[in-house]
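> Sequence and predicted structure are below.
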Amino acid sequence: MTVHPTVLSVPAPPGVIPRCAEARTRVVSNTPVNGEYRLLTLDAPAEVLACHPGQFFQLLCPEPDGEHPFLRRPMSIYGYDADAGQLQFLYKVTGAGTRGLATLKPDDGLNVLGPLGQGFTMPENRQNLLLLARGVGLATLAPLARMAQRKGRSLTAICSARRPELAMSVDLFRSYGAEVIVVHDADESATPEALRILIEAQIAKRRIDAFYTCGSARLLRLLQDIGARHGIPGEVAMEQQMACGIGMCQACVRSFHDGDQVVHRRVCREGPVFPISEAIA
Amino acid sequence: MKDIPHPPVCDMGVQIGGLRLANPIMPASGTFSEDLSDVFDLDILGAHVLKTIMRDARAGNPTPRVCDLQGGMLNAIGIPSKGIDDFRDRMLPYWAGYKAPLIVSISAHTVDEFAQLCREVTLPGVAAIEANISCPNIEADGRAFAMRPDTTEQVVQRLRAETDLPLWAKLTPNTGEPVDVALAAEAAGADALVVANTALGMSIDVTTRQPRLGNIMGGISGPAIKPIALRMTYQIARACRIPVIGCGGIATRDDALEFMIAGARAVQVGTATFQSPTVMARLVAELSEWASAEGLTSIEEIIGSVGTPRGDMS
């Protein structure tokens, strides 16, 4: 049976365009990338394609053999194209949910909920941007690079990986006009010490207005420290285990600095993107 | 000109004590908030049941707070609450913007605290109070008032004395004497019984040998507990005169029908909303279509209509 991408129809609040929707999508392709990752491309209805970089979807993953991923799995958006009607996710197979996703074949259906959460911001006073991420975290920042290009910002992307050939999305970042620097474990260029020297050199070379990162606690701490020294703000996309994904269940809280207090915020709702200065790694 | 026959339309309203609901579908406490208004018009629901509030602000349990199970999930959220002031000053004005009756869920560690909070939430705009005397995640080893008839009677009696609003008691499956607990709540003055909260459970990651929840134990919800909640609904609806509201693993129209046929006057939908946030909107529509197709004039006709088994081993 052919799956037609469609939104599950429910009454919308009067005068309100729903911020997110539950939709049935159709798998276009689901192919291995770089050995460790897979790229899932979906035909999706327009109602779920008004996305912002940094937002995520909740995917109702199929059950792989012998496993039962009951809850939806949060997945950051790798690509979205309202004109083509397509949505893309780049994922690493690590658990029951992603093992389920890996079983999807072209023309299969997939129920998605989104777009969810608060994405990255890029105000006018941030012209020179530095992006730092590692592994699958780079996928989350791919739409950010596209936004930087569209807004005419200058972007340096430091892509970290275990080995140079595993660095994700390098070509994609280059196609968006970013200056790409690949660092990796094999030559120890990806250690926090080496990265600190690299980033300080970037700052010395030209003004950096903002940092963007995601995922890694180590990289977050590094950017918090360098940002505090130089007065450079930034944003981080954070992760946490979720149940509902829209703010109801309070499962995905993390601690954040709020002035001199430590408060809980929901990663799904107040985030997943937070100011680097407020995040606690 | 001939009259075009209209399809008969069934009245979907249900009576819960003195409270009339437009339809029998409402959220279960803890699985609902204003955030769901991003997804559908919340006024189509029979009632709005808020997440349990406790009197003082509290952070809740350590993460991880949820994990998967086959046919359901475990949670130990631990009732993070912004406290009574936030409820009165922020939440109550927000929910006043809706037509659906507002049901406020409250909990506390002691009878005295419970009574004080009950008095404080007895406010204009609140249609009923749901006493969460069954949360397994706020006391050591999941202890809760509703595990025993005597503690149930004590707390419900005090709450009854503090409010003139309809008082619903949310019961627990973690008891060997559900009917006695239900009768105790009824005798103490509860106006309705919500059957039931989550079942106390646990899960361990065999690789790390760590419990999968930060709180070690938590409440099982979802389809896995549906037969237990349905059985309790049946037992309690037969034994008590006050209305029973079914709750536990309801995800489809037929799930809702099962609980109503077993004796529930309305149902709460919880974990299913995490899988499909539009599920309650669909259930309202599907239940109405079903009732009209069945030729019912009122959905209340099916309440408690369960038959006796046609066994042939006489």
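Perfect, I can see it now. If you're wondering where the values come from, they're calculated on a predicted model, not measured in any experiment.
> Stretch A:147-156 spans what distance, first to last residue?
The straight-line separation of the ends of stretch A:147-156 (CA to CA, to the nearest Å) is 13 Å.
> With only the CA atoms kept, save stretch B:165-177 in CSV.
Once non-C-alpha atoms are left out, stretch B:165-177 reads as follows in CSV (Å, rounded to 0.1, in the frame of the first residue of the first chain):
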residue,chain,number,x,y,z
LEU,B,165,-16.0,21.2,45.1
PRO,B,166,-16.5,17.7,43.6
LEU,B,167,-13.7,15.5,45.0
TRP,B,168,-12.3,12.7,42.9
ALA,B,169,-9.9,10.2,44.5
LYS,B,170,-7.3,8.6,42.2
LEU,B,171,-6.7,5.0,43.3
THR,B,172,-3.8,2.7,42.8
PRO,B,173,-3.4,-0.8,41.4
ASN,B,174,-0.6,-1.3,44.0
THR,B,175,-3.0,-2.8,46.6
GLY,B,176,-4.4,-6.2,47.3
GLU,B,177,-7.8,-4.8,48.3
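> buried set for that stretch?
By 16 or more other CB atoms under 10 Å in any protein chain shown, the buried positions in stretch B:165-177 come out as B:165-175. (Glycine included, C-beta is placed from N, CA and C.)
> cool, and stretch A:144-159?
Buried residues in stretch A:144-159, counted by 16+ other CB under 10 Å: A:144-149, A:153-159.
> Check stretch B:125-133 too.
So for stretch B:125-133, counting by 16+ other CB under 10 Å, buried means B:126-133.
> Just list the residues touching A:Leu172, thanks.
Shown in contact with A:Leu172 (CB atoms under 8 Å, 6 or more residues apart in numbering or on different chains): A:142, A:145.
> Go through the buried residues of stretch A:144-159 and name the one nearest A:Arg24.
Closest approach to A:Arg24 among the buried residues of stretch A:144-159 (CB to CB): A:Arg146, at 26.1 Å.
> and the closest residue to that closest one other than its chain neighbours, how many neighbours?
Nearest residue to A:Arg146 in three dimensions, chain neighbours excluded: A:Tyr176, at 5.3 Å (CB to CB, 6 or more residues apart in numbering or on different chains). Using other CB atoms under 10 Å in any protein chain shown, A:Tyr176 has 20 other residues around it.
> How about B:Leu193?
Here the number of neighbours of B:Leu193 (other CB under 10 Å) works out to 28.
> where's it, which helix or strand?
B:Leu193 belongs to strand B:192-195 when assigned by DSSP states H and E.
> And the residue nearest to A:Arg146, what's its pLDDT?
pLDDT for A:Tyr176: 94.
> Thought A:Leu155 was touching it, still the case?
Yes. At 7.3 Å, A:Tyr176 and A:Leu155 qualify as touching, with contact defined as CB atoms under 8 Å.
> about what we covered before: and which of the buried residues of stretch B:125-133 is nearest to chain A?
Closest to chain A out of these is B:Asn132 (14.9 Å), distances taken as CB to the nearest CB.
> show me the contacts for the nearest residue to that closest one once chain neighbours are set aside.
In space, B:Asn132 comes closest to B:Ser107 once its chain neighbours are excluded; the distance is 4.1 Å by CB to CB, 6+ apart. B:Ser107 is in contact with B:52-54, B:79, B:114, B:131-133, B:135, B:138, counting by CB under 8 Å, 6+ apart.
> From A:Ala142, how far off is the residue nearest to A:Arg146?
8 Å (CB to CB, to the nearest Å).
> same deal with B:Ile242?
When distances are taken as CB to CB, B:Ile242 and A:Ala142 turn out to be 57 Å apart.
> So between these two, which is more surrounded?
Ranked by neighbour count (other CB under 10 Å), B:Ile242 and A:Ala142 place A:Ala142 first, with 23 against 19.
> Kindly report the residues of chain A close to chain B.
Proximity of chain A to chain B, by CB under 8 Å from any CB of the partner chain, involves residues A:8, A:10-14, A:16, A:18-22, A:60, A:68-72, A:96, A:111, A:113, A:240-244, A:246-254, A:264, A:269.
> Can you tell me which of those are classed as buried?
Applying 16+ other CB under 10 Å to these flags A:8, A:10, A:12-13, A:18, A:20-22, A:60, A:69-72, A:96, A:111, A:113, A:240-244, A:246-254, A:264, A:269 as buried.
> Please flag which of the buried residues of stretch B:125-133 sit within strands.
Those of the buried residues of stretch B:125-133 mapping onto strands are B:128-132, per DSSP state E.
> what touches both of A:Tyr176 and A:Leu155?
By CB under 8 Å, 6+ apart, the residues touching both A:Tyr176 and A:Leu155 are A:145, A:148-149.
> Look at the residue nearest to A:Met248 when sequence neighbours are not counted and report its pLDDT.
Computed as CB to CB, 6+ apart, the closest residue to A:Met248 that is not its neighbour in sequence is B:Ser33, at 4.4 Å. Note for B:Ser33: predicted pLDDT of 95.
> Let me see the contact set for B:Ser33.
With CB under 8 Å, 6+ apart, B:Ser33 has these contacts: A:247-248, B:50-51.
> do the same with A:Ile77
For A:Ile77, counting by CB under 8 Å, 6+ apart, the contacting residues are A:51, A:53, A:55-57, A:87-89, A:114-115, A:140, A:143.
> Show me what from the stretch 101-250 of chain B comes close to chain A.
Residues of the stretch 101-250 of chain B lying near chain A by CB under 8 Å from any CB: B:Gly222.
> now the stretch 101-250 of chain B, which segments are flagged as low pLDDT?
By pLDDT under 70, the stretch 101-250 of chain B has no low-scoring segment.
> Share the number of residues neighbouring the residue in it positioned nearest to chain A, please.
Here the stretch 101-250 of chain B gets closest to chain A at one residue, B:Gly222, 6.6 Å apart by CB to the nearest CB. Around B:Gly222 there are 26 other residues, counting by other CB under 10 Å.
> OK, contacts around the residue lying closest to it once chain neighbours are set aside?
Using CB to CB, 6+ apart and skipping residues adjacent in sequence, the residue nearest B:Gly222 is B:Gly72, 2.6 Å away. Taking CB under 8 Å, 6+ apart as the criterion, B:Gly72 is in contact with A:70, B:220-225, B:249, B:271.
> would you list the residues you listed in CSV and tack on secondary structure and distance to B:Leu213?
What follows is the contacts of B:Gly72, written out as CSV (DSSP: H, G, I helix; E, B strand; the rest coil; distance: CB to CB, whole Å):
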residue, secondary structure, distance to B:Leu213
A:Phe70, coil, 15
B:Ile220, strand, 11
B:Ser221, strand, 13
B:Gly222, coil, 15
B:Pro223, helix, 20
B:Ala224, helix, 16
B:Ile225, helix, 16
B:Gly249, coil, 19
B:Thr271, helix, 15
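> Can you pick out the most distant pair from those residues?
A:Phe70 and B:Ile225 (12.7 Å).
> All the helices of the stretch 101-250 of chain A, residue numbers only.
For the stretch 101-250 of chain A, the helices defined by DSSP state H, counting those that start in this stretch occupy A:137-150, A:170-175, A:192-205, A:217-230.
> what about the closest residue to chain A within chain B, neighbour count?
In chain B, the residue found nearest to chain A is B:Asp35; the distance is 3.5 Å by CB to the nearest CB. By other CB under 10 Å, the residues close to B:Asp35 number 19.
> Looks like it contacts A:Ile246 (just checking).
Yes. Contact criterion CB under 8 Å: B:Asp35 and A:Ile246 qualify, at 4.9 Å.
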